[in-house]
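**Q** turn this into a structure:
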Amino acid sequence: MKTVEIFTDGACSGNPGPGGWGAILRFGKITKELSGGEAKTTNNRMELSAVIAALSALKEPCKVILTSDSKYIIDAVTLGWAKKWQANGWMRNRKEKALNPDLWEELLRLLSIHTVEFVWVKGHAGHPENERCDALAVMESKKHSA
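**A** Numbers count the residues shown, from 1 in each chain. So this is what the prediction gives:
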């Protein structure tokens, strides 16, 4: 199984507002950058979109080391929250719906294909790949600004 490094970030100007995401995929000496955005979205949707796009770009099951500054994603996956929300019909608890069930559904599907280790990094703290992903995300969010 190939080992791929993935770095992701999302950005949003306003929440909701125009947003963007960026991802870097690295396999050996090969590096690929991906980015995208939406006119009206949230930061968390952009963080999820970055991870989904990066994992979707893989052509076969891989071992992935995924580095992100999103505690929302990392905690929801590693602490089992997302699977619990899914099992409870996308409810966080008896009264609160889980946000972004469409994206969580897709992410959980992709996580069943790949073996993913999540690594958290502090955002805007000089991590080169995180800074590059942030720059891609901000650039995309500006494309979608009115």
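
**Q** which sections of the protein are below the confidence cut-off?
**A** Along the chain, the model assigns pLDDT under 70 to residues 146.

**Q** chain center to the longest helix anywhere in it, what's the gap?
**A** Counting residues, the longest helix in the chain under DSSP state H turns out to be helix 128-143. On the basis of CA atoms, centre = their mean, to the nearest Å, helix 128-143 is displaced by 13 Å from the centre of the chain it belongs to.

**Q** output the contacting helices and strands for it.
**A** Packing contacts for helix 128-143, counted by 3 or more CB pairs under 8 Å, 6 or more residues apart in numbering; DSSP states H and E, involve strand 3-12, strand 17-27, strand 30-41, helix 43-56, strand 63-68. C-beta: built from backbone N, CA, C; applies to glycine.

**Q** would you mind getting the angle between that helix and strand 63-68?
**A** Helix 128-143 and strand 63-68 meet at an angle of 60 degrees, taking axes from the mean of the first three to the mean of the last three CA atoms, to 10 degrees as the criterion.

**Q** quick one: helix 128-143 to strand 17-27, angle?
**A** 140 degrees.

**Q** just the helices and strands packed on helix 128-143: most buried one?
**A** Per-stretch averages of neighbours, counted by mean count of other CB atoms under 10 Å, single out strand 3-12 among these, with a mean of 26.
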